[in-house]
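1. next input, structure requested:
(3 chains)
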Amino acid sequence: MSTHPGPRARLAGGLLLWYAVLGGAIAWAVHLIAGWSVDELTCANGSDRVGVLPLRAAIGLAVVLPALATLGALLAAALLWRRTARTPRGDEPERRVGRSRMLAVVGIWLNILFLTIIVLGGVALLVLPPCQV
Amino acid sequence: MSTRDGIAAATSTEALTTELPAGRSLGWWGMVMFVATEATLFACLIGSYFYLRFQHGGPWPPDGIAKPALLRPLMMTAVLLPSSIPVVWAERGIRRGQRWRLRTGLAATLVLGVTFLVLVATEYAETLREFTMTTNAYGSLFYVITGFHGFHVFVGLTMISWLLVASLRGGSFGAHRHDRVRNVAIYWHFVDVVWAAIVFSLYLTPRLS
Amino acid sequence: MSTTAAPTPGASREDLARLEEGWGERPSLRSWFSTVDHKRIGRRYLVTASLFFVLAGLSALAMRTQLARPESRLLSPQEYNQLFTMHGTAMIFLFATPMLFGFGNFLVPLMIGARDMAFPKLNAFGYWVFLFAGLFMWASLPFGAAPNAGWFAYVPLTDEGNTPGLHMDVYSLGLLFLGIATTAGSINFIVTALKLRAPGMSLNRVPLFVWAIVATAFMVIFALPALNADNALLFLDRRFGTHFFDPAHGGNALLWQHLFWIFGHPDVYIIVMPALGIVSAVLPAFTRRGVVGYALVVFAMASIAIISFGVWVHHMFATGLPQLSYGFFSAASTIITIPSGIQIFAWLATMLLGRLVLKVPLLFVIGFIVTFVLGGFTGTMFALTAFDQQVTDSYFVVAHFHYVLIGGAVFPILAAIYYWLPKITGRMYHEGLGRWAFWLFFTGMHVTFFPMHLYGLFGMPRRVYTYPNEPGWAGWNLVATAGSYVLAIGLLLVLIGVVHAVRRGRPAPPDPWGGDTLEWSTDSPPKPYNFPVLPQVHSLHPTWDETSRTSMTEGATDDRIMADGRRTLATSELDGRRERTVDMPESSLQPLLLALAMLVFFTSMLFGWYPVAIVAGLVVAATIAVWLWPTRRPEQELGVR
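-> Alright, predicted model coming up:
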């Protein structure tokens, strides 16, 4: 592991941090808007298919894909948490690592929370027929 | 460097704790937040369009109004979307202190933007004979959304003219002072992107169903 | 831990004189109108919002007086409708949010160790717009033209056909006007907290109150446009004959509700979250320790801010959605209670583990927890659809949201008034008077609103100007009215306490409570430049930590004094690394002029003087153009080739 990563590795690392913090939130937003609009619009048209897919499968995708993305963010947050376990010496590195560790904690909890919401939505999909009013 | 090394480097403590974003100016953040709230406003309007459309059911546009003609909006798109290029070119120029590029680029965008507004006016001249804002909800949506966007283009053009006047005066912008240029550029790109969303929602999707 | 004497300034006498010259404002009529000092603007926000609170409170007292007895004819139905609409609208839009923004304005730069907000002129502009929008709305009341269809203004009741006259035009234009102030203020808070934190204040050292204000500001940025779009469409429907909400011409009345609640649900948190931030700021001083679980509280605020956008449909469960899409929203509605619970338990743990100092601010915090939890309890009862349909539009709902909003916003605001009064005015309040105020307010609040649960269950509908003598109604209504007078006396004592402190209070030391955040490291009231030396922050509790404190005295360096002109430090977004000095604007009359031009614009829109509106619009554009016009600089400084 090189101690001085290049600019591209730094960019990737910085983006990975934000994925670890906000990935679950964005995935949940996509899940909510996709699941809700597909369900409501298809049912309003009196149809049970979205293109070639059955409606239930389409909504299923709107649950599973965001759930996987959230799981990925959770793993990224866990990685960030492990990588920030040791606080280096010196004020500037201490702040950098301390700040990242706090974001890791926030990210872990956010992702667990959003994963729960998405999974609960998935349970609703298993229990309820998609167009029952 | 192999992929494996690349991943190792990107997931090292050093890389993960890279400060991103950093070094942006106050004005940049202010403009980005302003654009975010404006974009939400347009999202609400376009969301209202789809909501009313799907709640309405039946043929869309309703009441025998013809589907929107495509030729003119495509021309408008061909004028407006590329108008961001001269802005980018002008901004890069002034970052290097080249004032002539700033002036030329802004003037080119001004011409393209005004052309767009003229095209909007000719479109209205045609559609107004068929339906108005008070004909039905479709008419209300069409004129309010395109009109509100047109107003944003007008505001953007006012900003660009203002920049142009300031840059012609001299002593305004240079390699070290160009915050205002960049902020206007952000706003102008935003107005462009919103137009793409409007073309898709108001002009293309009625033809898909 | 606490410093009683003023900190020895690390800045020399000459530095202080130069700072005073750059930042000080000689009191004059002009400076009164042109000031851009965040502390003066923050104080004005507080005073103006309190004034609107008094007006809205007097409206409530008038209504309670009417309702004391059945078949009362003190107020006409028309007057009553306008009073309850203005009461709700003003409490939500003209009191709660501006009051909390007032604390934010005064405190955020002090807490993060900056000399002003990021955009001081925009800040002044926001205040003037808030003032004018509030006056614009209240001015309609004496003419009998005030909004009269409830604070959420559902169509079709608010259509031109059903509510003719200016009433709802005042509502839609007034809120659009006010929205400009709220949006400008929010952008300012976000940029200030991102860029102007003192060097060393990385994200994990930001005070919880600042986090709360920033989370609130983000919610405003993304929620307010929905309300603005809604009001714009309503105005177009009413005035210009469009058909957005008109089912006869392809519109849909439910569109109003969707857009309103996309805004409305986050707005509950927009009101409550900064108040919760106040609680997190007050507790450390009176428990002698930091709030337990800092990162978890930050997580709770972030998650509430995000999830609050995904629950609006739960205000509309009776509108015929497929059960499944309803399921997606109720998953979010259920889970959002977890972060709220985390905050409550974090505070309880803080109080349990700390050493309690029972002063008036802490009393109000305890009152907040009791009242807010009771409101949350009735809130969960609404989740049972069968129960919800029984009590909808009854006084039970009125009881519930007054517990939530008085508990969640007014108690913390009162705690904040007592807590920061020494900092804002430089004077101590009278402790005994404050205790009387607390007990009267607390008792009055519960005596007023608890009976509403009961007669709501007995079937009394809300928003009726009078009522017949049904069993159980009259007696409890009389109790509620009596309670409301006790509540009012409690609030009067708060006012007397503030006036007494300003007039007679003994001078406040810089840090009367032993607080942990940076505002306690500077004078009470702070100098115009806030800090003679900007601090170098080394921990989450800089006033409690020796190294951060001495960075302002013996450890002062010239690059943190910046005595020339009006300058403050910009630091990096996440880690608070020093980036550059930024020049702050001088005081100016432009913000006032711009707000006045907008007032003319909205007034002429209201009365249909469209040519005047166009002229006002041009004045607005011209003012902005002059405001932002670049100052002429020599070519070398600009870097021109």
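2. near chain A at all, stretch B:23-38?
-> No - Stretch B:23-38 lies out of reach of chain A by C-beta under 8 Å from any C-beta of the partner chain, never closer than 12.6 Å. Every C-beta, even on glycine, is put in place using the N, C-alpha and C of the backbone.
3. which bits of chain A sit near chain C?
-> So chain A meets chain C at A:25, A:28-29, A:31-32, A:35-36, A:39-40, A:43, A:59, A:91-92, A:95-96, A:98-99, A:101-103, A:105-106, A:109-110, A:113, A:116-118, A:120-121, A:124-125, A:128-133 (C-beta under 8 Å from any C-beta).
4. of those residues, select the buried ones using a ChimeraX command.
-> Selection of buried members from those for ChimeraX, criterion 16 or more other C-beta atoms under 10 Å in any protein chain shown:
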select /A:25,28,29,31,32,35,36,39,40,43,59,95,96,98,99,101,102,103,105,106,109,110,113,116,117,118,120,121,124,125,128,130,131
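5. can you count the residues close to residue 126?
-> Answering for chain A, as no chain was given. A:Leu126 is flanked by 9 other residues according to other C-beta atoms under 10 Å in any protein chain shown.
6. hmm, I had chain C in mind actually
-> C:Gly126 has 28 nearby residues by other C-beta under 10 Å.
7. any idea how far chain B is from it?
-> Separation of C:Gly126 from chain B (C-beta to the nearest C-beta, to the nearest Å): 13 Å.
8. C:Leu495 too?
-> 36 Å.
9. for the one helix or strand that residue maps to, packing partners?
-> Taking DSSP states H and E as the criterion, C:Leu495 maps to helix C:473-504. Judged by 3 or more C-beta pairs under 8 Å, 6 or more residues apart in numbering or on different chains; DSSP states H and E, helix C:473-504 is in contact with helix C:38-67, helix C:411-425, helix C:431-457.
10. low-confidence ranges, the chain, go.
-> In the absence of a named chain, this looks at chain A. Within chain A, the stretches with pLDDT under 70 are A:1-3.
11. wait, I meant chain B there
-> Residue ranges of chain B with pLDDT under 70: B:1, B:209.
12. contact partners for the closest residue to C:Arg73 other than its chain neighbours?
-> Spatial nearest neighbour of C:Arg73, chain neighbours left out: C:Thr466 (7.1 Å); criterion: C-beta to C-beta, 6 or more residues apart in numbering or on different chains. Listed by C-beta atoms under 8 Å, 6 or more residues apart in numbering or on different chains, the contact partners of C:Thr466 are C:Gln66, C:Leu67, C:Pro70, C:Glu71, C:Ser72, C:Arg73.
13. the residues you listed, buried ones only, as a PyMOL selection?
-> Applied in PyMOL, the following selects the buried portion of the contacts of C:Thr466 according to 16+ other C-beta under 10 Å:
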select buried, chain C and resi 66+67
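14. need the max-distance pair from the contacts of C:Thr466.
-> C:Leu67 and C:Arg73 (12.0 Å; C-beta to C-beta).
15. next, count neighbours for the closest residue to C:Leu178 other than its chain neighbours.
-> Leaving aside its chain neighbours, C:Leu178 sits nearest to C:Ala133 (3.8 Å; criterion: C-beta to C-beta, 6+ apart). Close neighbours of C:Ala133, defined as other C-beta under 10 Å, add up to 27.
16. packing partners for the helix or strand containing C:Ala133?
-> If you go by DSSP H and E, C:Ala133 is part of helix C:120-138. For helix C:120-138, the packing partners by 3+ C-beta pairs under 8 Å, 6+ apart come out as helix C:38-67, helix C:77-89, helix C:97-112, helix C:167-195, helix C:590-607.
17. what mean pLDDT does that helix get?
-> The pLDDT scores in helix C:120-138 average 98.
18. picking that back up, dump the contacts of C:Thr466 to TSV, plus distance to C:Val292 and pLDDT.
-> Listed next are the contacts of C:Thr466 as TSV, based on distance: C-beta to C-beta, whole Å; pLDDT from 0 to 100:
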residue	distance to C:Val292	pLDDT
C:Gln66	47	96
C:Leu67	44	96
C:Pro70	50	95
C:Glu71	54	94
C:Ser72	50	94
C:Arg73	55	92
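19. pick the one among the contacts of C:Thr466 closest to C:Asp511.
-> For the contacts of C:Thr466, the nearest to C:Asp511 is C:Leu67 (46.7 Å; C-beta to C-beta).
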